[in-house]
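> Curious how this folds, go ahead:
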Amino acid sequence: PALAAVIDDADRLVIPAGETYALGGSRAYRVSVDVEGTLLVSQYVPGGASGALELSAPDIRVSAAGRISSDGAGFGPAEGPGQGQSTSESAGGGAYGGQGGRSAQAAGGLPYGSLAQPLELGSGGGNSTDPFGNARVRGGRGGGRLRISVGTLRVDGRISADGQTGDENGYWGDRGGGGSGGSVLITAQQLEGSGVISANGGASSPRGQKNGGGGGGGRMAISYGASVFAGTVAARGGAGYQYGGAGTVIYGSELRIDNGVSGAGTTILPGTYGFERVSIGSYAVVEMQTGASLNAVSFLTQGNSTFTNRGSLAVTAAAAATGASVLRQLAGTLSALRLEARTGGLFIYEGGTLNAQEAETALGGALSVNTRLELARLLVAPGGLVTHGPGDADFDLAVSETLTIEPGGRVSVDGAGFGPAEGPGQGQSTSE
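Okay, the predicted model is just below:
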């Protein structure tokens, strides 16, 4: 039987199952948008299509088999402000929210754009070039830009602005870098469904040393009046010689940065940001630059992630490192009512200014003090440790009110001095 026809008029956009329909620019509908097939965003062309779609309606529904996709609609191979480096061998991944992954021969791109208002196209992965600089293996395109303003948004299928996979030279095995994820900006009164909303980086499929860098994750900001959405929201880096870095996701009043696997980094660029909760998780490697100011009610690192502060971080309640993660105060300022290091988390005070009233370390957590730290109260609970970094002689801890070391808690610098064959009193090394 013949497929049902697409309806696109002033009131409605209806894309039936099995149909693919392309749009770009700004489109507003008076009644509804129903996507059971595929709605594609037209690819960016310099001087032509924008690679972007702004879609508004009182009601938008994406069925389980439906897609609204701006995958690969952004900057082309070796294009964009975060383009991956091109080389004569395998190339670097493109960047946007997260850094592009490196290849064995080339660097990934660097992040750009607004964290709070993601409106940029994703950048392309680098090309593998011939001796004359011409592309012989192209990188993946970056993700495009989606902006959705809606009363009720139900997503049981997929809304995405993912980067594309880099091409491969089938003979030599050289690969282009993956494209970065693009932008997804959603404003909804009601958010429902159990589908996927993503701005993931594109891959550069594994070939060992020949593999290109993965694309960095894109940027997303989703605001809503009420949400019962039970699906997946992700802006992760793509696979490669080095995975791309995690992108940034604002979901309601929470900033989320996570990557799933170890990869390139994520940079919080200069600017002023405020959230109720910040969650750094799942192998993300995040650095807040000088000139960035971040205010939050609570701040959590978890899941083997690392957060390094060089800017201004102010936390109303607790700043906590958990789950084998690292929260590192290196420069700038960090202010928090309470510091916590537990369940394998490590809080490192290495430089800058740290202002806190109290701290607790427990259950395999550790507080590493590598400069002067002043607290009113410190609790070292069972399994907790207070120490300093290896070879660091600047441990200086002042507790003005209460220091409590419970059974199983330790303040210890055992083995934290000079390493083997180091130090002014090192033993002589020999071949025997």
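> Now tell me which helix or strand of this protein has the poorest mean pLDDT.
strand 135-137 (a mean of 88; mean pLDDT, DSSP states H and E).
> on contacts alone, who are the packing partners of it?
Strand 135-137 sits against strand 128-129, with contacts defined as 3 or more Cβ pairs under 8 Å, 6 or more residues apart in numbering; DSSP states H and E. For the C-beta atoms, the positions are set from N, CA and C on the backbone; glycine is no exception.
> which strands and helices sit next to the strand it packs on?
strand 135-137.
> In the sheet, which strands lie alongside the strand it packs on, parallel or antiparallel?
Strand 135-137 has the following sheet partners, assigned by DSSP bridges: strand 128-129 (antiparallel).
> that older thread, next helix or strand past the least confident helix or strand of the chain?
The first helix or strand that comes after strand 135-137 along the chain, using DSSP states H and E, is strand 145-155.
> So for that following strand, what gets flagged as buried?
145, 146, 147, 148, 149, 150, 152, 153, 154, 155 (16 or more other Cβ atoms under 10 Å).
> related to what we said a few turns ago, got a list of contacts for the least confident helix or strand of the chain?
Residues outside strand 135-137 that contact it (Cβ atoms under 8 Å, 6 or more residues apart in numbering): 77-78, 86, 91, 127-130, 166-169, 174-176.
> which one of these is nearest residue 259?
For those, the closest approach to residue 259 (Cβ to Cβ) belongs to residue 166, at 18.8 Å.
> Look up how far residue 38 lies from the closest residue to the closest one other than its chain neighbours.
The shortest distance from residue 166 to any non-neighbouring residue, by Cβ to Cβ, 6 or more residues apart in numbering, is to residue 176 (3.3 Å). Using Cβ to Cβ, to the nearest Å, we find residue 176 at a distance of 25 Å from residue 38.
> again, but for residue 203
21 Å.
> Those two - which one has more neighbours?
Looking at residue 203 and residue 38 with other Cβ atoms under 10 Å, you find the greater number of neighbours at residue 203, namely 30 against 19.
> So the more buried one is in contact with residue 216, correct?
No: look at residue 203 against residue 216 with Cβ atoms under 8 Å: they stay out of range, at 12.0 Å.
> shared neighbours, the two?
Between them, residue 203 and residue 216 share these contacting residues under Cβ under 8 Å, 6+ apart: residue 238.
> hmm, back to that, which of the contacts of strand 135-137 has the weakest pLDDT?
Within these, pLDDT reaches its minimum at residue 169, with 75.
> excluding its backbone neighbours, what's nearest that one?
Nearest non-adjacent residue to residue 169, counting by Cβ to Cβ, 6+ apart: residue 137, 4.7 Å away.
> what are the bridge partners for the one you found, then?
Bridge pairing for residue 137 - DSSP bridges - gives residue 128.
> what's the spacing between it and residue 102?
17 Å.
> next one: residue 367
Going from residue 367 to residue 102 by Cβ to Cβ gives 33 Å.
> likewise residue 123?
15 Å.
> Tell me where the model's unsure across the stretch 201-350 of the chain.
Low-confidence segments of the stretch 201-350 of the chain (pLDDT under 70): 205-210.
> Break down it into its strands, ranges please.
Listed in chain order, the strands of the stretch 201-350 of the chain (DSSP state E, counting those that start in this stretch) span 219-227, 232-234, 248-251, 254-258, 266-268, 271-281, 285-288, 292-301, 306-309, 312-321, 326-329, 333-342, 346-349.
> C-alpha coordinates for the longest one, PDB please?
Think strand 271-281. Output of strand 271-281 as PDB, limited to C-alpha atoms (Å, rounded to 0.1, in the frame of the first residue of the first chain):
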ATOM      1  CA  GLY A 271      31.400  33.500  31.700                       C
ATOM      2  CA  THR A 272      29.000  33.500  34.600                       C
ATOM      3  CA  TYR A 273      26.800  30.500  35.300                       C
ATOM      4  CA  GLY A 274      24.300  29.500  37.900                       C
ATOM      5  CA  PHE A 275      22.600  26.100  38.600                       C
ATOM      6  CA  GLU A 276      20.900  24.400  41.500                       C
ATOM      7  CA  ARG A 277      23.000  21.300  41.000                       C
ATOM      8  CA  VAL A 278      26.200  20.400  39.100                       C
ATOM      9  CA  SER A 279      26.900  16.800  38.400                       C
ATOM     10  CA  ILE A 280      30.300  15.700  36.800                       C
ATOM     11  CA  GLY A 281      30.200  12.000  36.200                       C
END
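> which helices and strands does it pack with?
Judged by 3+ Cβ pairs under 8 Å, 6+ apart, the packing partners of strand 271-281 are strand 254-258, strand 292-301.
> pLDDT value on the spatially closest residue to residue 362 that is not a sequence neighbour, please?
Closest residue to residue 362 apart from its sequence neighbours, by Cβ to Cβ, 6+ apart: residue 381 at 3.6 Å. What the model reports as pLDDT for residue 381 is 98.
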